[in-house]
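**Q** Need coordinates for the following:
(one chain, ligands or ions: 2)
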Amino acid sequence: MKLHEFQAKDIFKKSGIPIPNGQLVTAVDQATNVVQIINGPPWMIKAQVHAGGRGKGGGVKMAHSPDEVVASVEALLHKPLVTKQTGPDGVIVNQGLIEEGVEIDRELYLSMVVDRSTAMPTMIFSQAGGMEIEEVAAKSPELVLKEYIEPSVGWMPYQARNLIYALDPPPSPEAIKGLASVMANVYKIFMGLDCSLVEINPLVITKEMKVIAVDAKISIDENALFRQKELLELDDPREKDPLELMAEEYRLSYIRLDGNIGAMVNGAGLAMATMDVIKLAGAEPANFLDVGGGASEEMITKGFEIILKDKRVKAILINIFGGILRCDVLARGVLTAAKKISIQVPLIVRLEGTNVEEGREILKNSELEFLVARDLAEAAELVSKQVL
Ligand code: GDP
Ligand code: MN
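**A** Ligands and ions are numbered 1, 2, ... in the order given. All right, here's what the predicted structure looks like:
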């Protein structure tokens, strides 16, 4: 679950990480009052959307007068913002953050994730802040530093020194203290709130040697939300893909992708393999959809409906290995969905496993038109042919 920048900064503030003073606005007429209570000039006006790369996309503006603040809020609010991460249509900006501008001396990068290869919480630090860390890692990997944390020991002060004293030139003693404090607090937040990501880019050293988090990104591990109930209210469904929201409601694992082959599969592994063979056959999957082992007829119906609602889908592949999910349940679910929404695209079906004969029979006796594939490779060939 992603948090907005202003929500992440609230958490920072409570945890002792310095942030610029700011105020959220949801309507243009609020800006005139807010500019009175926030120090400036300059002021920063920042679009609150879950996508990153706002700076380059025009979603972060600097204003030098109250009039400019209002004009910037007006230019951002309730309009689409296109960044590298939003896709060409962009996302609607529902909220804006007005902040006091910070005089930046140095921009650094700091984040914490769980490193997959060591399975340890990992602090990532770089003196190349303000840029995309992936880019820095690709071009100058020596500038990306890491400290792995043994959770039974916790974050140790020497680890902060390892990272901070690698800065060239070294920062002032005051800034060193500030950086070490931010690092310790990032670890506390990361562990305490079951985060999958805490990122500060840029983490700024000001001309007055103060260390301030100018940007803030927090993602919470959704599997831990049952014990982070007070964070649930920070969820903003407006930021989500409507089809992904619908999938969430029915407990389907669904992720929208960029291609045009809709795929309905049971089991995450099989879903991955199916995406791979679709690509191998030269096409691109429109989604990842794992209906799960114990999917009910209703879940199948909803899953199929979601695929059909996706206007980019030009062909559909149903690839089910019936285990706990029986093939006849799948077939009935598909038919129910097909009754509600007419299928305008070719449908390729590959069924195997429990009750496969019954499942095939149900499909055959229906009015549904579909092609049958014998195996995964043939299924991918068939479905790719429809779009290539
Ligand atoms: P992002 O592009 O979505 O990551 O948005 P950021 O919050 O990181 O802002 C983009 C860039 O705007 C930052 O990298 C900074 O260079 C700049 N910026 C943000 N806030 C301030 C500020 O208060 N003062 C100055 N001078 N620059 C800022
Ligand atoms: Mn940023």
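
**Q** Please report how far Tyr250 lies from Leu289.
**A** As for Tyr250, its distance to Leu289 is 11 Å (criterion: Cβ to Cβ, to the nearest Å). C-beta here means a position set from N, CA and C on the backbone, and glycine is covered the same way.

**Q** residues in contact with the spatially closest residue to Thr118 that is not a sequence neighbour?
**A** Residue nearest to Thr118 in three dimensions, not counting chain neighbours: Tyr148, with 5.5 Å by Cβ to Cβ, 6 or more residues apart in numbering. Tyr148 makes contacts with Asp115, Thr118, Met120, Pro121, Thr122, as judged by Cβ atoms under 8 Å, 6 or more residues apart in numbering.

**Q** Of the residues you listed, keep whichever come out buried.
**A** The neighbour count (16 or more other Cβ atoms under 10 Å) marks Pro121, Thr122 as buried among the contacts of Tyr148.

**Q** among the contacts of Tyr148, which two are most distant?
**A** Thr118 and Pro121 (9.5 Å; Cβ to Cβ).

**Q** Do a quick rundown of the strands in the stretch 101-250 of the chain.
**A** 104-115, 120-126, 144-148, 195-206, 211-213, 217-220 (DSSP state E, counting those that start in this stretch).

**Q** Adding distance to Ile37 and mean pLDDT, write those out as a markdown table.
**A** Formatted as a markdown table, those follow (distance: least, Cβ to Cβ, whole Å; pLDDT from 0 to 100):
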| stretch | distance to Ile37 | mean pLDDT |
| --- | --- | --- |
| strand 104-115 | 23 | 98 |
| strand 120-126 | 34 | 98 |
| strand 144-148 | 39 | 98 |
| strand 195-206 | 21 | 98 |
| strand 211-213 | 19 | 98 |
| strand 217-220 | 25 | 98 |
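
**Q** Show me the one of those that comes nearest ligand 2.
**A** strand 195-206 (4.3 Å; Cβ to the ion).

**Q** Mind giving me the packing neighbours of the closest one?
**A** Counting by 3 or more Cβ pairs under 8 Å, 6 or more residues apart in numbering; DSSP states H and E, the packing neighbours recorded for strand 195-206 are strand 104-115, helix 173-192, strand 211-213, strand 217-220.

**Q** Pick the most deeply packed of these.
**A** strand 211-213 (a mean of 24; mean count of other Cβ atoms under 10 Å).

**Q** what pairs with it, and is each one parallel or antiparallel?
**A** strand 195-206 (antiparallel) (DSSP bridges).

**Q** is any part of the partner strand close to ligand 1?
**A** Yes - residues of strand 195-206 are located near ligand 1 by Cβ under 6 Å from any ligand atom, namely Asn201, Pro202.
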